[in-house]
Every structure is written in C-alpha cells, then in structure tokens.
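**Q** let me see the structure of the following:
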Amino acid sequence: MNRLFNVASSLAASIVTAPRGVMADPVSEQPEQWLRLYEMENCPYCRVVREALTRLDLDVIILPCPKGGKRFRQEAEHIGGKAQFPLLVDPNNGTVLYESADIVHYLYETYGNRETLPKSVIKMLNSSAATLASTLRMGRGMRVRPSRAPSEPLELYSFESSPFARLVRERLCELEIPYLLRNTGKAKPTDLLPPAVRRTTMPGYVHEGRNRQALFERMGHVQIPFLTDPNTDAELFESADIIRYLDKTYGAD
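**A** Purely as a prediction, here's the structure:
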C-alpha cells in the first residue's frame, strides 16, 4: 500500500506541474564540460531548474544536498558563499549562480540560444506549481539518510516530470549519491505513448532526441528511469528495483 500511495502522490506532483518537465526542445550543442548542480530533489526552486534542463535537453552532474547532509553542502557553501539551493556551477566559463529564475535565464541564454520569459514571470508562473508538487511529496527527497559514498558518480536517464524517475531521484538525494543526470525528455508526441505500446504497435519506431536514441541503441528500448552504476556495472530499469539496489549497495547498515 505504501508503494501504491508513493507512486500516486508522485503522479499527482507531475500533474500539477504539467506540461513542464516532459518535452525536450534540444539545444544545438552540449557544453564541453558537465554543468554541476547542487540541489535538493524536493526543493521547489530546484525543481524549476530541472524542468528547464529537461526542456533544453542538457545533461548535468547532480550533487545532492539534503537537509542534514555533509557530503556536498559544505562544498557548495565554499563555492558560493552560502548554503542556498539550487546552486549552478558552469566550469565552461566560471559562472556560479543562485536563484532559480537567474539560472533558468542563464541556461536559455547561454545554451538554448533563445529567449525565455522575464525572470519575474518565471518566478510567478513556476514557483506556485513547483511548491504544490513538493508539498504532495511530503518531504521525500529532502532529508539525509545514512549512506556509503560511491567511488564514481552513477548515471540516471530521466526526465523531470516522470513520476517513477522522481522516486529514484528522491532516494539518490537522500543517500547523497552524486550522479550524471541524462535528461531524456520526450522529443515528439508519439514518445508520450507507454513503451510497451510503442514496441507492440509501432515496430521499427525511430526515437528522436540525443539521450533517447542513445538509450535505445544501448538497451534496445526506451524506458525511464534507467540507472547505470560504473562502480558495480549494474544496469537497471524499474524504479522499485533501482531503489532496492541503492539501499542495498549504498545504504548504511
């Protein structure tokens, strides 16, 4: 029952922020070096930034900073001067930014090569829905759990509004596990169909979008979330399986 309630509330969080965090309108070129985002999964302002990253199809290293965490919070404070999240670090040009609206504006201007809404409008339109989505999750993805640090960051194929990927991202945040977020937003309307439907009714379906195509070539189908762990060579679909794996492999006894 707890699993069913958890999935249902995650689905509700996706609904209240729809249609943001679903579709991708990719940038023409990825940054040479990974962007780095210090954040908390259930923070509404961090959610606004992740929605923009999905839209722009930008990959980013996520450095989770849950409340009570010690692995990356002090590092973030040293870089930016205060314990405030989200914090974006762009090593390609030395940019360090707080404030979700400033970060979204920067991402669109620097990598989207397109205009976005004024910062005040971004705050007005996005913050209330993102706050409601966070409320529906009742604190999941906010507070630290004891864990063991991996030697290398994990890799997660995800898009912001996926209710099942959210469950995985929440646990990664709670365990303070860094990971490369491979944004895998849907590139065309037929991508909205469930993976099983595409496989059975649309043989030879051609995926668009950089990470969707890469995932298809790697695994033979596209299903989100998909986690890979270079520390153990594990590769997993299915949120429940991934969470069990994370707890067993990195959760403290």
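**Q** C-alpha only now, for contacts and for neighbours.
**A** Fine.
**Q** distance of Arg210 relative to Glu32?
**A** Using CA to CA, to the nearest Å, Arg210 is found at 15 Å from Glu32.
**Q** neighbour count winner among the two?
**A** For the pair Arg210 and Glu32, the greater number of neighbours falls to Arg210 (16 against 8), based on other CA atoms under 10 Å.
**Q** ok, the more buried one - contacts?
**A** Arg210 sits next to Thr184 when contact means CA atoms under 8 Å, 6 or more residues apart in numbering.
**Q** tell me the pLDDT of it.
**A** We have a pLDDT of 87 for Arg210.
**Q** same check on Ser28?
**A** So, for Ser28, pLDDT stands at 65.
**Q** show me where this protein has its strands.
**A** For the chain, the strands defined by DSSP state E cover 35-39, 60-64, 87-90, 95-97, 154-158, 179-183, 226-229, 234-237.
**Q** ok, and what's touching the third one?
**A** Same thing as strand 87-90. The contact list for strand 87-90, computed with CA under 8 Å, 6+ apart, reads 34-39, 76, 80, 95-99, 103.
**Q** avg pLDDT for that strand?
**A** The average pLDDT within strand 87-90 is 98.
**Q** same question for the second one.
**A** Strand 60-64 shows an average pLDDT of 98 in the prediction.
**Q** compute the inter-axis angle for it and strand 35-39.
**A** 20 degrees (axes from the mean of the first three to the mean of the last three CA atoms, to 10 degrees).
**Q** just name the shakiest helix or strand of this protein by mean pLDDT.
**A** Lowest mean confidence among the helices and strands of the chain (mean pLDDT, DSSP states H and E): helix 119-136, at a mean of 70.
**Q** which one of the contacts of strand 87-90 is nearest Ile242?
**A** Checking the contacts of strand 87-90 against Ile242 with CA to CA, the nearest one is Glu39 at 20.8 Å.
**Q** I'd like the distance between the closest one and Arg114.
**A** In terms of CA to CA, Glu39 sits 25 Å off from Arg114.
**Q** ditto for Arg140
**A** Noted for Arg140: a distance of 34 Å to Arg114, by CA to CA.
**Q** swap in Pro146?
**A** Taking CA to CA, one finds Pro146 at 42 Å from Arg114.
**Q** I'd like the strands of the chain as a markdown table, with distance to Thr200 and mean neighbour count appended.
**A** Output for the strands of the chain, formatted as a markdown table (distance: least, CA to CA, whole Å; neighbours: other CA atoms under 10 Å):
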| stretch | distance to Thr200 | mean neighbour count |
| --- | --- | --- |
| strand 35-39 | 37 | 23 |
| strand 60-64 | 33 | 25 |
| strand 87-90 | 41 | 23 |
| strand 95-97 | 45 | 14 |
| strand 154-158 | 23 | 23 |
| strand 179-183 | 25 | 23 |
| strand 226-229 | 21 | 20 |
| strand 234-237 | 19 | 15 |
